[in-house]
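>>> the sequence and its predicted three-dimensional model are supplied below.
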Amino acid sequence: MWTYGYRYSKCDSFNIINLVLVLSFLPAVLCDYGALRVQSPDNSYIEFCVGYNPNISSLPQVVSETTKNPLIILDTDGCSIIRYQQSQNYVVINCDGNCSMAERAVNVQQAGGSAVIVVGNLTCLGAIPVNNLTEFENINIPVAKLENKNLRKIQNLGVSVNATLYAPEVPSWDSNIFLLAFLAVGTVVLGGIVAVPPGNFRRRVEGCETDTNRPARAASNHNSSSLNMMNASMVAVLLVAIVGMLLLLYYFYDIFVYVIIAVFSLASVVAMFSLLRPLLVAVGCPGVRRLRSQRCKQSLSFSELILLAGCVGLTVVWVVIRNEDYAWSLQDILGVAFCVHMLNTIRLSSYKVCAILLCSLFVYDIFFVFITPLFTSKDVPSIMEQVATGYGSTSGESLPMLLKVPRFMYSPYHSCDTRYSMLGFGDIIVPGLLVVYSKAFDKSVGNSRPVYFLVCATAYALGLIVTFIALIFMARGQPALLYLVPACVGSVGVTAVLRGELQTFWSGKIKKELIESQPVDKSDDKEPLDRDICR
């Protein structure tokens, strides 16, 4: 299979690591959020997101049904008796102490407070219990959690401020799902086209290479194609690695989140450069004047160096602004490049291997989302939800392995994480591997139209639509693979049966013809075109 002239064999381990990180968490998250409206003396107000549990004390859905109460910020953790009477005040305390949320709430309630707001890292439900509410039986005031950064904004409003707590109804859907669906489906389709490109584009890029470099490129393609094919045993090892990575993130999130950010940044540079460089070659043919590194024995043209600098610069900008509200668009650009690159470098050798991988991850997703809560503490979400949301983390960092699009329709929850609709990379790459295999099979059997590719890509789009419909009607996050795997695996399987090609499609024996069809010149050349990025 053609690989744009790069020798990916040196990067196989890096690509597998990326795949493990992507597939380790396929989140489905449900959070309970409310809104804290803080009003200054001049009647202007700002709304902040708070996490709360409606089973402790419900909040009105309409702000007009609430009453304004003074907001008092105390320099205490609320773990000891509050000496001063806080009649009808919304009491803000910090979470530095070791006591439970229930103990804090009891102390504030006994002091006459009408609500307790604990300042800390706002993770879904935070330290507020999900199921075990025994400690809260005698508590009649709302218990909420506010992010540290929002406390500073409240303090800037002045001393005499009033506040109201309410839980407005969350819009059942938002038009941003169309953009998210377009990004996901477009990435899968683009991945299939890039992995198995049209012959005319391939000939164009090959024609731009110098005669000296063509033999090395062809040999590199041959080696890369054979080394990147994954069989059933490799899938088994991959699954073990995925589970291991998930558990590492579960126990050591605050450490490994930075490792994942670093790996994602490096992978994004490699991905953007490897995807844009063939276009640079096809358009400008920059192969005459080149710079060589004696240490790495690599050669890059001036235009390629500029491209590489641009890729590095774009990634560095994202690293700097990654926690800002406007960083989502840059993260999506890097994410699309990352996913397409993975689909171009990781290949599955047969429909059998595709089915094993997708069905295994289907079970994995369901187990770690719905089954693990039966074995873990009742006060916390599932292992998958904890990893995906950074539950209990003190770093304030989130995992970057997802596409996210902000909600277009206004809601008081815009200050919460729910202002984004999100889709994990695993929900794109896992079905995308089957899409790429279908595209390669179409080309191998000489289909005039890419039948399997179109069927699989359409099934992915329909499965994604079903996922969003389920999200709207069930009003909670959905494990997308629950719908995508049956849609993609079933559709191409039925297509193969109807066309009488199931045996060939299942075994993937056509793969050998694909690899052997690549011209390989074993001539010894002293100037190979190995354009790996020097590490």
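Looks like it came in fine.
>>> every contact and neighbour count from this point should use C-alpha atoms.
OK.
>>> just the pLDDT for the residue lying closest to L74 once chain neighbours are set aside.
Of all residues beyond its chain neighbours, the one nearest L74 is I93 (5.5 Å), with distances taken as Cα to Cα, 6 or more residues apart in numbering. I93 carries a pLDDT score of 71 in this model.
>>> from T66, how far off is I93?
In this structure, I93 and T66 are 22 Å apart, going by Cα to Cα, to the nearest Å.
>>> correct me, but the residue nearest to L74 touches A115?
No - contact criterion Cα atoms under 8 Å: I93 and A115 do not qualify, at 10.8 Å.
>>> which SS state does the residue nearest to L74 fall under?
For I93, the reduced secondary structure class is strand; criterion used: DSSP: H, G, I helix; E, B strand; the rest coil.
>>> so how far is P41 from it?
With distances taken as Cα to Cα, I93 is found 22 Å from P41.
>>> of these two, who's got more company?
For the pair I93 and P41, the greater number of neighbours falls to I93 (23 against 12), based on other Cα atoms under 10 Å.
>>> ok, that one - contacts?
73-78, 116-119 (Cα atoms under 8 Å, 6 or more residues apart in numbering).
>>> let's see which of these end up in strands.
When DSSP state E is applied, these are split such that 73, 116-119 fall in strands.
>>> any idea which of the residues you listed is closest to S398?
Taking Cα to Cα as the measure, S398 lies nearest V119 of the ones in strands among the contacts of I93, at 18.7 Å.
>>> quick check: that closest one touching V92?
Yes - using Cα under 8 Å, V119 is in contact with V92, at 7.1 Å.
>>> so those two - more neighbours on which side?
When V119 and V92 are compared on other Cα under 10 Å, the one with more neighbours turns out to be V92, at 25 against 21.
>>> measure Y410 to M474 for me?
Distance from Y410 to M474, counting by Cα to Cα: 21 Å.
>>> which helices and strands does the biggest helix by length in the chain pack with?
Secondary structure assigned by DSSP state H gives helix 253-284 as the longest helix of the chain. Secondary structure elements in contact with helix 253-284, counted by 3 or more Cα pairs under 8 Å, 6 or more residues apart in numbering; DSSP states H and E, are helix 12-23, helix 199-208, helix 232-251, helix 302-321, helix 328-345.
>>> how about that helix: buried residues?
By 16 or more other Cα atoms under 10 Å, the buried positions in helix 253-284 come out as 253-254, 256-257, 260-261, 264-265, 267-275, 277-278, 280-282.
>>> equivalent analysis for stretch 242-251, please.
Judged by neighbour count (16+ other Cα under 10 Å), stretch 242-251 contains these buried residues: 242-243, 245-247, 249-250.
>>> again, but for stretch 428-439
Quick answer for stretch 428-439 (16+ other Cα under 10 Å): 428-439.
>>> just give the number of residues close to A355.
Number of residues near A355 (other Cα under 10 Å) recorded here: 22.
>>> on that earlier part again, weakest of the helices and strands packed on helix 253-284 by average pLDDT?
Checking each of the helices and strands packed on helix 253-284, the one with the poorest mean pLDDT is helix 199-208, at a mean of 53.
>>> who touches the spatially most central residue of the chain in this structure?
Central residue check for the chain by Cα atoms, centre = their mean: the C-alpha nearest the mean position is that of L402, 1.7 Å away. If a contact means Cα under 8 Å, 6+ apart, then L402 has 332, 335, 422-425 as its contacts.
>>> how close does G335 get to V436?
Between G335 and V436 the computed distance is 18 Å (Cα to Cα).
>>> and N228, what pLDDT?
53.
>>> SS state for A163?
Applying three-state DSSP to A163 yields a three-state assignment of strand.
>>> how about the nearest residue to it, chain neighbours excluded?
If the residues on either side of it in the chain are set aside, A163 comes closest to V38, at 4.4 Å by Cα to Cα, 6+ apart.
>>> now the strands for the stretch 301-450 of the chain?
With DSSP state E, counting those that start in this stretch applied, the stretch 301-450 of the chain shows strands at 347-348, 402-406, 420-424, listed in chain order.
>>> so for Y452, which of those sits nearest?
Nearest to Y452, of all those, is strand 347-348, at 15.2 Å by Cα to Cα.
>>> what about I472, neighbour count?
Neighbour tally, I472, other Cα under 10 Å: 16.
>>> which residues in the stretch 351-500 of the chain form helices?
Assigned helices in the stretch 351-500 of the chain, in chain order: 351-366, 383-389, 426-445, 451-474, 481-498 (criterion: DSSP state H, counting those that start in this stretch).
>>> can I get the CA coordinates of the fourth one in PDB?
Read that as helix 451-474. Taking Å, rounded to 0.1, in the frame of the first residue of the first chain, the C-alpha atoms of helix 451-474 are listed here in PDB:
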ATOM      1  CA  VAL A 451     -19.000  -0.200  -3.100                       C
ATOM      2  CA  TYR A 452     -17.700  -1.400   0.300                       C
ATOM      3  CA  PHE A 453     -16.200   2.000   1.100                       C
ATOM      4  CA  LEU A 454     -19.500   3.900   0.300                       C
ATOM      5  CA  VAL A 455     -21.500   1.300   2.300                       C
ATOM      6  CA  CYS A 456     -19.200   1.500   5.400                       C
ATOM      7  CA  ALA A 457     -18.900   5.300   5.300                       C
ATOM      8  CA  THR A 458     -22.700   5.600   5.000                       C
ATOM      9  CA  ALA A 459     -23.300   3.100   7.800                       C
ATOM     10  CA  TYR A 460     -20.900   5.200  10.000                       C
ATOM     11  CA  ALA A 461     -22.800   8.400   9.300                       C
ATOM     12  CA  LEU A 462     -26.200   6.700  10.000                       C
ATOM     13  CA  GLY A 463     -24.800   5.100  13.200                       C
ATOM     14  CA  LEU A 464     -23.600   8.600  14.300                       C
ATOM     15  CA  ILE A 465     -27.000  10.000  13.700                       C
ATOM     16  CA  VAL A 466     -28.600   7.200  15.800                       C
ATOM     17  CA  THR A 467     -26.100   8.000  18.500                       C
ATOM     18  CA  PHE A 468     -27.200  11.700  18.500                       C
ATOM     19  CA  ILE A 469     -30.900  10.700  18.500                       C
ATOM     20  CA  ALA A 470     -30.300   8.500  21.500                       C
ATOM     21  CA  LEU A 471     -28.400  11.300  23.200                       C
ATOM     22  CA  ILE A 472     -31.400  13.600  22.700                       C
ATOM     23  CA  PHE A 473     -34.100  11.300  23.900                       C
ATOM     24  CA  MET A 474     -32.100   9.700  26.800                       C
END
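>>> who's in contact with it?
By Cα under 8 Å, 6+ apart, the residues outside helix 451-474 that reach it are 172-173, 177, 181, 185, 188-189, 192, 431, 434-436, 438-439, 441-442, 477-478, 480, 483-484, 487-489, 491-492, 495.
>>> got the contact list for R449?
The neighbours of R449, taking Cα under 8 Å, 6+ apart as the test, are D442.
>>> pull up the gap between it and F441, please.
Per Cα to Cα, R449 is found 11 Å from F441.
>>> picking that back up, what would the buried residues of stretch 428-439 look like in CSV with distance to F505?
Output for the buried residues of stretch 428-439, formatted as CSV (distance: Cα to Cα, whole Å):
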residue, distance to F505
I428, 22
I429, 20
V430, 18
P431, 16
G432, 17
L433, 14
L434, 11
V435, 13
V436, 13
Y437, 9
S438, 9
K439, 12
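>>> okay if I get these as CSV plus pLDDT and distance to I154?
CSV is the format used below for the buried residues of stretch 428-439 (pLDDT from 0 to 100; distance: Cα to Cα, whole Å):
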residue, pLDDT, distance to I154
I428, 94, 40
I429, 93, 42
V430, 92, 44
P431, 95, 45
G432, 95, 46
L433, 93, 48
L434, 95, 50
V435, 95, 50
V436, 93, 51
Y437, 93, 54
S438, 94, 55
K439, 93, 55
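>>> in the stretch 101-250 of the chain, where is pLDDT below threshold?
Screening the stretch 101-250 of the chain residue by residue with the criterion pLDDT under 70, one finds the ranges 121-133, 170, 199-229.
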